[in-house]
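Participant: Quick check, what structure comes out for this input:
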Amino acid sequence: MTTPTPPLPPKKGIDAADFDVAALLSGSSSGPDPVNGSEPVQNVAAHVNVDSAAGAGVAQGIDTGSGAGTRSRWWRIGYPASLAALTLLVPLLVWTGLQVILTSSDGELIRRVSDPSAPGYEAAVVKTPTALIVSVDPSGKLDSLALLALTSDGIGGVLSVPADTVVADPVAPSTLRTVFDSSGLDALSQATGRILNLSFTEVEIVSSTQWATLVGPVAPVTVNNPDPVSDASGSVVFARGTLELDASQVWPYLSAKGRNESDLSRLVRQQAFWKGWLAEIGAGGGAGVVPISSEEGLGRIVVALGAGRVTFQTLPVTTLPAGATGGVRYAPIPDAVADSVAAIVPFPEGAPGSRPRLRVLDGTGQLGDGIGAATVLAAAGGQIDVIGNARSFGAETTEFIYYEAVSKDAALKMRDALGVGEIVESTQTNSATDLTVILGDDYLNMVGPSSAGTATSTTNGGQSG
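Facilitator: All right, here's what the predicted structure looks like:
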């Protein structure tokens, strides 16, 4: 059986064209190598140990007890000889340092592999762009939340989140509404991120008055209102059916809540607005009808969604009994939440430590750089940092390679999600990821061959293992 192994140290005799020698010797940065996780090569001069005290004594002409004659001979003979020796030593240090790199098992040699079908190709995965939109009322209190995601080119999603969703806390469970009103935007972002197991690319507040400004260029917005909305007196203010909302009506429509209307029903109505607004943006040409920058943040995402196919959903929750304040609260359904997020965020980025970081490599040459398996593993809670091909093809059994004991459980979970494979412990301890997954024939036989997928990624010039 031929089984790919974790990345091996480079061997002597590698063609110099396979790597960038200048990059290996390019500076004196003291931080870890972002590609390999190992310490970078230091500037050669930094490794030359000079006795500063002795040097100072000579430079200042201090008598060290050797006498003037000895000092004179040092300057005429000893100093030039030492300088020449040091000059000759520099190439030797360079050669020695390069041999250490080439024979080390602590890091990996940077190779230039640009062909996505070739062994050793890797690409750094660009995480799915997301924006958490926080709507607040005139007093600055939280009204509602929506997650917007650019799933792929021409595809996206909107996930509405109830403001009264409960945030798990062993000391004092609270709702998203309470978190924002008491602790602010950063705390809300973190709390929502824990529920969705996400870090957000953008987090933006939209006030009641800003909605009119945002929608103004395309107003009136055609909305298919699912249910009639009544005010406190019982009078219908928004009838069921097709509505034409002008800019001044957007906030009243989004924030209105009938006497017997649940917040979940209100979110369905808000989704009707998102559908209408995005359709108007698409019909109006995109960036020209959005009064904010279309290069970043909310503007960028709504312009892209306006031109694409968008799915709309509400966070899967169960209704809890009324709390001490008498309000309705909602508890997330974890597995269903994970599925909803995976449907619109195929390559998520989690908060530090919340998702195991994965490197997914095709060990067969027939699985499209492992993109299909990567989306399955991401849906199971992984964070896909790298996709690509193993150093060689012909793997019979899929391997889930972990580098630290604390990652073994994550390897088991990922293996269960994929349905095949074996767990392998690596002796390498400085991997930039928590797990490397090398896909084998067992997975290929289960899913069949595939072409390269549509994941957004960028080549990083690295090599695979």
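
Participant: can you give me the helices in this protein?
Facilitator: 21-24, 52-59, 67-73, 79-103, 176-183, 185-196, 208-215, 247-255, 263-283, 297-306, 334-344, 371-379, 408-418, 441-447 (DSSP state H).

Participant: Residue 122: which of the ones you listed is closest?
Facilitator: helix 371-379 (12.2 Å; Cβ to Cβ). To be clear about C-beta, it is placed using only N, CA and C from the backbone, and glycine gets the same treatment.

Participant: What lies in contact with the closest one?
Facilitator: 125, 338-339, 342, 346-348, 358, 360, 367, 384, 387, 414, 417-418, 437, 439, 443, 447, 450, 452-455 (Cβ atoms under 8 Å, 6 or more residues apart in numbering).

Participant: so what's the residue nearest to the spatial centre of the chain closest to, chain neighbours aside?
Facilitator: For the chain, the residue nearest the mean C-alpha position is residue 349 (3.2 Å; Cα atoms, centre = their mean). With Cβ to Cβ, 6 or more residues apart in numbering as the criterion, residue 349 has its nearest non-adjacent residue at 4.2 Å, and that residue is residue 127.

Participant: Show the contacting residues for that neighbour.
Facilitator: So residue 127 contacts 201, 347-349 (Cβ under 8 Å, 6+ apart).

Participant: Surely residue 243 and residue 222 touch.
Facilitator: Yes. The pair residue 243 / residue 222 is scored as a contact, 7.4 Å apart, by Cβ atoms under 8 Å.

Participant: between those two, who's got more neighbours?
Facilitator: Taking neighbours as other Cβ atoms under 10 Å, residue 243 and residue 222 compare with residue 243 leading, 19 against 16.

Participant: distance of that one from residue 229?
Facilitator: 10 Å (Cβ to Cβ, to the nearest Å).

Participant: where do the contact lists of the two overlap?
Facilitator: The contact lists of residue 243 and residue 229 share residue 253, where a contact means Cβ under 8 Å, 6+ apart.

Participant: can you list the domains in this structure?
Facilitator: Annotated domains of the chain cover 39-103, 122-126+347-459, 130-344 [automatic domain parsing].

Participant: got TSV for those domains, with mean pLDDT and distance to residue 116 too?
Facilitator: Shown next, in TSV, are the domains of the chain (pLDDT from 0 to 100; distance: least, Cβ to Cβ, whole Å):
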stretch	mean pLDDT	distance to residue 116
domain 39-103	42	27
domain 122-126+347-459	90	6
domain 130-344	93	17
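
Participant: from those domains, which stretch is densest packed?
Facilitator: Greatest average neighbour count among the domains of the chain goes to domain 122-126+347-459 (a mean of 20), per mean count of other Cβ atoms under 10 Å.

Participant: quick check, distance from it to the centre of its chain.
Facilitator: A distance of 15 Å separates the centroid of the chain from that of domain 122-126+347-459, by Cα atoms, centre = their mean, to the nearest Å.

Participant: which residues does the residue nearest to residue 256 when sequence neighbours are not counted contact?
Facilitator: The shortest distance from residue 256 to any non-neighbouring residue, by Cβ to Cβ, 6+ apart, is to residue 229 (4.8 Å). Listed by Cβ under 8 Å, 6+ apart, the contact set of residue 229 reads 236-238, 253, 256-258, 261, 269.

Participant: Name the nearest residue to residue 265, sequence neighbours excluded.
Facilitator: Closest to residue 265 by Cβ to Cβ, 6+ apart is residue 227, at 6.4 Å.

Participant: Does the one you found touch residue 270 like I think?
Facilitator: No. With contact defined as Cβ under 8 Å, residue 227 does not reach residue 270; the gap is 11.9 Å.

Participant: what's in contact with stretch 334-353?
Facilitator: Outside stretch 334-353, the residues within contact range by Cβ under 8 Å, 6+ apart are 125-128, 130, 147, 149, 151-152, 156-159, 190, 193-199, 311, 313, 315-316, 355, 374-375, 378-381, 383-384, 455-456.

Participant: what do you get if the cut-off is 6 Å, keeping everything else the same?
Facilitator: Residues outside stretch 334-353 that contact it (Cβ atoms under 6 Å, 6 or more residues apart in numbering): 125, 127-128, 149, 151, 157, 193, 196-199, 313, 316, 375, 378-379, 383-384.

Participant: ditto for stretch 308-327
Facilitator: For stretch 308-327, contacts defined as Cβ under 6 Å, 6+ apart pick out 154-161, 267, 271, 329-333, 336-337, 340.

Participant: distance between the ends of it?
Facilitator: End-to-end distance for stretch 308-327, by Cα to Cα, to the nearest Å: 37 Å.

Participant: circling back to that earlier point, is the residue nearest to residue 256 bridged to anything, and to what?
Facilitator: residue 238 (DSSP bridges).

Participant: Quickly list what the closest residue to residue 200 other than its chain neighbours is bridged to.
Facilitator: Closest residue to residue 200 apart from its sequence neighbours, by Cβ to Cβ, 6+ apart: residue 132 at 4.5 Å. The residues listed as beta-bridge partners of residue 132 by DSSP bridges are residue 147, residue 203.

Participant: Wait, residue 132 touches residue 203, no?
Facilitator: Yes. Using Cβ atoms under 6 Å, residue 132 is in contact with residue 203, at 4.6 Å.

Participant: follow-up on the earlier one: nearest to residue 166, of the contacts of residue 127?
Facilitator: Closest to residue 166, out of all of the contacts of residue 127 and judged by Cβ to Cβ, is residue 348, at 21.8 Å.

Participant: Would you mind measuring from that closest one to residue 333?
Facilitator: Going from residue 348 to residue 333 by Cβ to Cβ gives 18 Å.

Participant: Residue 232 too?
Facilitator: According to Cβ to Cβ, residue 232 and residue 333 sit 32 Å apart.

Participant: Check residue 138 too.
Facilitator: With Cβ to Cβ as the criterion, residue 138 and residue 333 are 33 Å apart.

Participant: repeat for residue 354
Facilitator: As defined by Cβ to Cβ, residue 354 lies at a distance of 18 Å from residue 333.

Participant: same thing with residue 150?
Facilitator: 25 Å.

Participant: thinking again about what came up before, could you measure from the residue nearest to residue 349 over to residue 355?
Facilitator: 11 Å.

Participant: Ok, residue 152 next?
Facilitator: Counting by Cβ to Cβ - residue 152 and residue 355 are separated by 20 Å.

Participant: I figured residue 159 hits residue 145, correct?
Facilitator: No. Using Cβ under 6 Å, residue 159 makes no contact with residue 145, being 9.0 Å away.
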